[in-house]
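Participant: Predicted model follows, preceded by the sequence.
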Amino acid sequence: MIARAAIMAGTEMGKGAFSIHCNKRGHFSCASRIVAIIRSFAHGPLSERTVAEAGLSLTYERFQRVTALARFTARISVSYGDEASLTLSPAFSNHFQIADIEPRPLRSSAGPGGLEFVFPAPAAGELPVVIWAHPRSFGHFDLTAAVDPEGRVAFSILVYP
């Protein structure tokens with residue numbers, strides 16, 4: 001008897017883009033293939049995404065686990081001034097608990113506009129900022145990040161149990 005595990009990746013005809021067929025003897029082999037596919041969505045090329053707009057790019061995992069530490073990498077183009085700021089929408093602090101930020105901000109504040117972090121500007125080029133955060137719960141979250149004067153990106157994350 002053949003046990004069949006199919007993973008559907010929606011196509012125009014509603015047929016699966018690929019499927020995995022397992023027989024009784026290959027049970028462990030089949031399970032490892034399914035786990036590998038799930039991992040590619042969770043922490044792989046299908047999950048990682050970068051969004052960019054006018055002086056800001058943000059790289060993040062679209063699919064995250066509620067028990068795992070998430071990494072958000074922002075690159076801020078600084079063209080003038082001694083400081084660079086990054087603002088995360090109020091929804092970010094509602095759905096994520098920040099564990100660490102590198103480099104350390106000079107100052108930070110929370111208000112109705114969200115979380116604002118101010119960093120010393122680099123001598124030249126982009127300022128990389130890495131934020132590690134834990135999801136507070138599972139669900140689908142629409143978030144934004146912004147830099148002065150006009151860079152703003154929107155991104156969505158699905159956090160699963």
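Facilitator: Perfect, thanks for sending it.
Participant: What helix or strand is the closest residue in space to residue 148 that isn't next to it in sequence located in?
Facilitator: Distance criterion CB to CB, 6 or more residues apart in numbering; nearest residue to residue 148, sequence neighbours excluded, is residue 85 at 5.3 Å. In short, each C-beta sits where N, CA and C put it, glycine included. Element membership for residue 85 (DSSP states H and E) is strand 83-88.
Participant: Also residue 127?
Facilitator: Here residue 127 is assigned to strand 126-135, by DSSP H and E.
Participant: what element comes up after that strand heading to the C-terminus?
Facilitator: Next along from strand 126-135, by DSSP H and E: strand 139-147.
Participant: residues making contact with that following strand?
Facilitator: 55-56, 58, 74, 76, 84-89, 91-92, 95, 114, 152-159 (CB atoms under 8 Å, 6 or more residues apart in numbering).
Participant: Can you give me every residue that contacts the spatially closest residue to residue 109 that is not a sequence neighbour?
Facilitator: In this structure, residue 109 finds its nearest non-sequential neighbour in residue 116, 5.1 Å apart by CB to CB, 6+ apart. Applying CB under 8 Å, 6+ apart to residue 116 gives the contacts 85-87, 108-110.
Participant: neighbour-wise, which of the residues you listed leads?
Facilitator: residue 86 (26 neighbours; other CB atoms under 10 Å).
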